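1. Based on what follows, work out the 3D shape:
(chains A and B)
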Protein chains: 2
Amino acid sequence: MSIPRLHLDEDLREGAEVEAAPGQAHHLGTVLRRGPGDAVRLFNARDGEHEAAIAFLRKDRARFAIGPRRRDPAPEPELRLLVAALKRDPMDWLVEKATELGATRIQPVLTRRTVAERANAQRLSAIARAAAEQCERLSVPAVEEAAPLHRVLDAWDGTKLVVAMERSAAPPLREAVAGLASPLALLVGPEGGFEGAELDDLRRRAFVVPAALGPRILRAETAAVAGLAALQALVGDWTEAPGPDRLRAGATRG
Amino acid sequence: MSIPRLHLDEDLREGAEVEAAPGQAHHLGTVLRRGPGDAVRLFNARDGEHEAAIAFLRKDRARFAIGPRRRDPAPEPELRLLVAALKRDPMDWLVEKATELGATRIQPVLTRRTVAERANAQRLSAIARAAAEQCERLSVPAVEEAAPLHRVLDAWDGTKLVVAMERSAAPPLREAVAGLASPLALLVGPEGGFEGAELDDLRRRAFVVPAALGPRILRAETAAVAGLAALQALVGDWTEAPGPDRLRAGATRG
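-> So this is what the prediction gives:
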């Protein structure tokens, strides 16, 4: 059986014991059929990843005994996703895939043509956490409550914001992002695109980088996932050769 | 109401009448509530896209009166996807997204670790057709029956085959495909990756281009969609500026 990998936002120090997060006891005991003494791995962006063992397990409570660190924390290039709020299934799918692709923050936005009025940030956060555990990243992307796009833009910190636009309105992505580097963000609009006034507003903002994502009409969730992958491949962390193995000597693999 | 766009693999000539394909009559009449005289658009890769109107519509039969061509045929860069056969839901999503991303052929392959033993090519073809109609491409990707990977490779025509591998085993994708161009293909293996013997076999083949897709573990369907997007963005049709408007003068937009 593979060793469960769990995100835990507590100080992880070898030799300490720590309480599990809500839901982890149930997941370990009932779903994964683990018990006291079984190995787990605990991680967060601040402390990296540690070996650990289940010290105590009941239906609704668990404690872990923390072992050696097996992976050092490492900075993760910032890649934020702003996406028009979608219906539930495509949004769930998107959050999972965006997490696999290294998004560091997911902000659902409301525009004139968005189909959904809100996003269930709590449920989406759980999806992001599970995806982060599966894909072996150290951080979990923050998933925000949906907010109006203009409000997000008015509060923006100036990070370069790549905005997916129709092909006639923007240069190809590769050209648009040549020379750019993290921190970066990607904005994907709703089906049917942005309205004229929204596009005018976007184009006026100095941090906006218009970019075309090919000659086909993309569903919003496809544009978001494809756009993230393309950014990572062009200028993001897909371009990095593997560094020195961040697994510490003696750490067991797999 | 937007004008339905339908793929029809028949000769499309202005002034001619043509029978609808199976299922289109039901889709038009029952699902989309259209009737005789209503506008449609008919397309295929050979003839481009024509204006048309419903000439005759019953529950199970329809005929179209073909109008002027509104979009010329244009060559589409070849981009094939070979992917380890997946369970039904992820495979359905993948075929839809791969179609939006311009895949021209989808070949499910069987490897030592594949989770599914077959792929329902007929159902997947229907998904591909619907996605092609929605995303406004002129061709519909062929979806093949699942076949053993070694057999597909033994019959391969030498097209450069980008193979997604672990980061420690291959250069970053951007580096791996620098200077490459269509025709291209992408091979994505099963969860857990290829077995050693399969990797050895792949590496021995002159047309194989090993490439790493970033530092995170990707689900197979994520790797396929992300890999296709990244290839299009790096060296494929996402890099093309829009050409002269392929809509003919007088064609109505939208």
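2. Strands of chain A, residue ranges please.
-> In order along the chain, chain A carries the following strands (DSSP state E): A:5-7, A:17-19, A:39-44, A:48-57, A:62-71, A:79-84, A:105-110, A:142-143, A:147-148, A:160-165, A:184-188, A:208-212.
3. TSV please, covering these and showing mean neighbour count, distance to chain B and mean pLDDT.
-> Where C-beta positions appear, they are placed from N, C-alpha and C, glycine not excepted. Putting the strands of chain A into TSV (neighbours: other CB atoms under 10 Å in any protein chain shown; distance: least, CB to the nearest CB, whole Å; pLDDT from 0 to 100) gives the following:
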stretch	mean neighbour count	distance to chain B	mean pLDDT
strand A:5-7	19	10	97
strand A:17-19	15	25	97
strand A:39-44	22	13	98
strand A:48-57	20	14	98
strand A:62-71	20	12	97
strand A:79-84	26	11	97
strand A:105-110	22	16	97
strand A:142-143	20	17	98
strand A:147-148	14	27	95
strand A:160-165	22	11	97
strand A:184-188	25	12	98
strand A:208-212	21	7	97
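4. Now do the contacts for residue A:160.
-> By CB atoms under 8 Å, 6 or more residues apart in numbering or on different chains, the residues touching residue A:160 are A:180, A:183, A:184, A:185, A:207, A:209.
5. Could you pull up the residues touching the fourth one?
-> Translated: residue A:185. Going by CB under 8 Å, 6+ apart, residue A:185 touches A:79, A:80, A:81, A:82, A:159, A:160, A:161, A:162.
6. Which residues does the fourth one form beta bridges with?
-> For residue A:82, the beta-bridge assignment (DSSP bridges) gives partners residue A:107, residue A:187.
7. Does it touch residue A:190 like I think?
-> No: Residue A:82 is not in contact with residue A:190 according to CB atoms under 8 Å; the separation is 11.7 Å.
8. Next one: residue A:200 from residue A:51, what distance?
-> Relative to residue A:51, residue A:200 is positioned 54 Å away (CB to CB, to the nearest Å).
9. no, scratch that, I was asking about residue A:210
-> For residue A:210, the distance to residue A:51 equals 47 Å [CB to CB].
10. Could you list the low-pLDDT ranges of the stretch 151-254 of chain A?
-> In the predicted model, the stretch 151-254 of chain A carries pLDDT under 70 at residues A:243-254.
11. what about residue A:131, distance to residue A:96?
-> When distance is defined by CB to CB, residue A:131 is 5 Å away from residue A:96.
12. Skipping adjacent residues, who's closest to residue A:34 in space?
-> If the residues on either side of it in the chain are set aside, residue A:34 comes closest to residue A:28, at 4.7 Å by CB to CB, 6 or more residues apart in numbering or on different chains.
13. wait, residue A:225
-> The spatial neighbour of residue A:225 that comes closest, neighbours along the chain excluded (CB to CB, 6+ apart), is residue A:97 at 4.6 Å.
14. Pull the number of nearby residues for the one you found.
-> For residue A:97, the tally of surrounding residues (other CB atoms under 10 Å in any protein chain shown) stands at 27.
15. Is it in contact with residue A:227, as I believe?
-> No: Residue A:97 is not in contact with residue A:227 according to CB under 8 Å; the separation is 11.2 Å.
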